[in-house]
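Visitor: Predicted model follows, preceded by the sequence.
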Amino acid sequence: MSQSLPFLPRPAALTGELPGDVGFDPLGFAKSEADLMNYREAEVKHARLAMLAAAGWPLSEVFDKKIAAVMGMEPILGSDDRVPSLLNGGLGKISPAYWVGCIGVAAMIDIFGQLRMKSDNKEYIPGDFGLRLGYPSNEEGQKRMQLAEIKNGRLAMIAIFAFAVQEFVTKQGVVDETPLFFFPIVETLHKYANSGYIQ
């Protein structure tokens, strides 16, 4: 039986060998090991991007206006301190050259990854770009690191979705909605006290 959905049988391609594999494939996308590896490759890429975004989204809300002031530029955040996104609008403020650069870098990384994936290297694991800085040398440590990466990446994908929905619904920046996570506790409590939250 599937560990994630105990009322369903475990999908045949999900053998539990990959870190983070708990038998979750209720729609049966992974019909073979090759399919599973392609899906894991995509999941790792999305997880890494989401982890960067989960950190970058609130940091941009905290530092955008400060950095823009130091550099004498116009801040990208609107008056409501929300990050430009599809739901928030404001993507027109971003230079097209930036988008071209982002797509170019992403394409180069993807091409490099595809070449490594198709190189007939039997030791290749999904998402392996050959970077070994701080990576454990023993197999147990590597499995632990891979499990941590996929679990944190899955959580980050949920967080980014939540950030987008929260800002769209509340019309307030993530940092403004949850200041306890991003500002010193004394400053936050002082703001709450002056706004009537704390008597």
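Guide: Thanks, I have the structure now. Numbers count the residues shown, from 1 in each chain.
Visitor: alpha carbons only for contacts and neighbour counts from here, please
Guide: Will do.
Visitor: what packs against the lengthiest helix in the chain?
Guide: As assigned by DSSP state H, the longest helix anywhere in the chain is helix 33-71. Packed against helix 33-71 by the contact rule (3 or more Cα pairs under 8 Å, 6 or more residues apart in numbering; DSSP states H and E) you find helix 139-170, helix 174-177.
Visitor: and among the ones you listed, the most buried is which?
Guide: Counting by mean count of other Cα atoms under 10 Å, helix 174-177 has the highest mean neighbour count of the helices and strands packed on helix 33-71, with a mean of 19.
Visitor: Following element in sequence after that helix, please.
Guide: Counting by DSSP states H and E, the element after helix 174-177 in chain order, helix or strand, is helix 185-194.
Visitor: averaged over its residues, what pLDDT does that following helix have?
Guide: Per-residue pLDDT over helix 185-194 has a mean of 80.
Visitor: again with stretch 24-33
Guide: Rounded to a whole number, the mean pLDDT of stretch 24-33 is 83.
Visitor: Endpoint to endpoint, it covers what distance?
Guide: Distance between the two ends of stretch 24-33: 15 Å, counting by Cα to Cα, to the nearest Å.
Visitor: Would you pull up how far that stretch lies from the middle of the chain?
Guide: Centre-to-centre, stretch 24-33 and its host chain are 23 Å apart (Cα atoms, centre = their mean, to the nearest Å).
Visitor: Please apply the same query to stretch 95-109.
Guide: 18 Å.
Visitor: Likewise for stretch 158-171?
Guide: For stretch 158-171 - counting by Cα atoms, centre = their mean - the centre lies 14 Å from the chain centre.
Visitor: So what touches that stretch?
Guide: 50, 53-54, 80, 82, 85, 87-88, 172-174 (Cα atoms under 8 Å, 6 or more residues apart in numbering).
Visitor: Now the terminal residues of stretch 118-134, how far apart.
Guide: End-to-end distance for stretch 118-134, by Cα to Cα: 25 Å.
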